[in-house]
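> after the sequence you'll find the predicted model.
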Amino acid sequence: MKRPVPLESASVLIDELIAELTDWRGKTLASIRKSILEADPEIIEEWKWMGSPVWSRDGMIAVGNAHKDKVKLTFSHGASLPDPVKLFNAGLKGNAWRAIDLFEGDKVNERALKNLVRAAIVYNQTKLKRKAPAGTRAKVHRSNK
C-alpha cells in the first residue's frame, strides 16, 4: 500500500519541481503557488498522483501540473465556483472540474485567482457542514421572551 507524502515533504517536492522547470513554466507555477498560499494561511500543500502539487483546505482546492506547452491549474469543484473574471478556460463542459490553462506569456490575475481560491475554501467548508452528523452541528438556543 502506498503511503502519503508527509506534508513537510510535499512543500519540498513542489520546490524541487519548480526548480527543475527552468523555463517560463517554473516561474508561472511559482507565481500560481504564491497566490494560492497568500489567499489563506491555512492552505496545505500536498503531493499526489505521482508528482502533482495539490493545495487543500477542508478538502482539495486545486491541482497544478506543468505540461510541455502550458501550466494547468485544475479546481476540483470549479463548476460550482463563481468566476466573474472568467479565469477558467478549460474543462468547461465537465460537471465538477474546471481548469485554468496558462501559456507562455500569459499573466496570472493574482486578485482573481485568490478570490477563486477563497471561493473554493468556502465551497469545501459548506460541503463539510452538510456532511456533519446532527450531533456535531452547532445548536441554536432560542430564548422564551
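Yep, it's here. Residues are numbered from 1 along each chain as shown.
> which residues does the helix or strand of the chain with the lowest mean pLDDT contact?
Across the helices and strands of the chain, mean pLDDT, DSSP states H and E gives its lowest value to helix 7-20, namely a mean of 90. Outside of helix 7-20, the residues within contact range by C-beta atoms under 8 Å, 6 or more residues apart in numbering are 5, 26, 29-30, 33, 44-47, 51, 53-54, 66. Every residue, glycine included, has its C-beta placed from N, CA and C.
> number of residues surrounding L92?
Using other C-beta atoms under 10 Å as the criterion, L92 is surrounded by 12 other residues.
> any idea how far the residue nearest to it when sequence neighbours are not counted is from F88?
In this structure, L92 finds its nearest non-sequential neighbour in R98, 6.6 Å apart by C-beta to C-beta, 6 or more residues apart in numbering. Distance from R98 to F88, counting by C-beta to C-beta, to the nearest Å: 4 Å.
> with neighbour numbers in mind, choose between the two.
Shown here are R98 and F88; by other C-beta under 10 Å, R98 has more neighbours (24 against 20).
> list the contacts for that one?
So R98 contacts T74, F75, G78, A79, L81, D83, F88, A90, G91, L92 (C-beta under 8 Å, 6+ apart).
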